[in-house]
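Colleague: Sequence and predicted structure are below.
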Amino acid sequence: MSMKLEAIAEQKDVVRGEQPKIIVCDIEVSPILSWTYNAYEGNAIRIEQDPKIISFAWQELGKSKIHVVTLADLSYSGNRFSIDDKKITKALHEVLDSSDIVVGHNWDNFDMKTANARFLYYGMAPIPPHKTVDTLKKARLHFKMPKNTLDEIYRYIFGKEGKTKVKHSDVLWDCLDHNNPKAWVAMKRYNARDVEITRDVYLAMRPFYKAHPNLSLYTRKDRVCPKCQSERAHRRGKEWYVSGFSWKYQCVACHTWYRGELQRDGVEKVTTK
Ligand SMILES: [Zn+2]
């Protein structure tokens, strides 16, 4: 890959100003505990326990640390029939509360809605208005890849397996049923790795996104890449409008195309019939 993902991830080449806090986040949830007549596509006839947040991980873009919080870190009772996720829900609320932009795979439809449901349940306030970038929506919108799972997108782009060998489902029971510390460590690793590969997929795809929060609005700087904030760009051609033209710029760091401000000088009005 020609893009220097590591450099972009660490935002080495950015203007100084009020940086937006961009976090990449992923939430792990427990299965619904229910009674069903059929194991396959069984419609639950009675729900014993709703899905609970059991782990979440996040990384602030530009920082190297990946944070993971699990139920076990917040004194899990080990009773899978009465999982108490109040503390972890509160911790998640605090992280989201302080973020300007949240990036996640299937974030809008799964993670954010799951989190909102838990906030609602616990009588917490909604998190403040903020922007989200859902890499699943973006994958469907801009690319034709065989499968849009995070794993498959990662494999498609980078040519190797992304997720950890031990999956969330492999250790779920050992975590929830036996409260096994080793299983919780594996859960943490899995969750953290998910954040890493979401970040890499996001950064790789980002130059292709037509819509993305304009980061220069936060820093109030003109002529910076609206996506990675690099000041280095090549001016390559013009885009013409009725009232003038804009220069087309291509970011040297991430290859995003963007337009400069409208140039009116020297533009003659041409009337056509
Ligand atoms: Zn850029």
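Modeller: Looks like it arrived, so ask away.
Colleague: Output the contacting helices and strands for the helix ranked longest in the chain.
Modeller: For the chain, the longest helix by residue count, based on DSSP state H, is helix 181-205. Judged by 3 or more CB pairs under 8 Å, 6 or more residues apart in numbering; DSSP states H and E, helix 181-205 is in contact with helix 5-10, strand 22-29, strand 53-60, strand 66-70, strand 101-104, helix 135-142, helix 150-158, helix 168-176. From N, CA and C alone the C-beta is placed, and that goes for glycine too.
Colleague: which parts of the last one are buried?
Modeller: This means helix 168-176. Buried residues in helix 168-176, counted by 16 or more other CB atoms under 10 Å: 168, 171-172, 174-176.
Colleague: Excluding chain neighbours, give the residue nearest to whichever residue of the stretch 51-200 of the chain sits closest to the ion in space.
Modeller: Closest to the ion within the stretch 51-200 of the chain is L61: 12.9 Å, counting by CB to the ion. Spatially, and ignoring its direct neighbours in sequence, L61 is nearest to I22 (4.2 Å; CB to CB, 6 or more residues apart in numbering).
Colleague: show me what contacts the one you found?
Modeller: Residues near I22 by CB atoms under 8 Å, 6 or more residues apart in numbering: 60-62, 99-103.
Colleague: Near the ion, which residues of the stretch 151-273 of the chain? Just list them.
Modeller: When proximity is defined as CB under 5 Å from the ion, the stretch 151-273 of the chain approaches the ion at 225, 228, 230, 251, 253-254, 256.
Colleague: Type out the PyMOL command that picks the buried ones from those residues.
Modeller: Selection of the buried residues among these in PyMOL, burial being defined by 16+ other CB under 10 Å:
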select buried, resi 225+228+230+251+253+254+256
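Colleague: Next up, phi/psi of A39, please.
Modeller: Main-chain torsions, A39, degrees, to the nearest 10: phi -70, psi -40.
Colleague: Q263 too?
Modeller: Main-chain dihedrals, Q263, degrees, to the nearest 10: phi -100, psi 120.
Colleague: What of G78?
Modeller: Torsion angles, degrees, to the nearest 10, at G78: phi 90, psi 0.
Colleague: Y76: what's its closest spatial neighbour, skipping adjacent residues?
Modeller: Excluding its sequence neighbours, the residue lying closest to Y76 (CB to CB, 6+ apart) is N179, at 5.9 Å.
Colleague: That should have said Q49, apologies.
Modeller: Excluding the flanking residues, the one nearest Q49 by CB to CB, 6+ apart is L33, at 3.8 Å.
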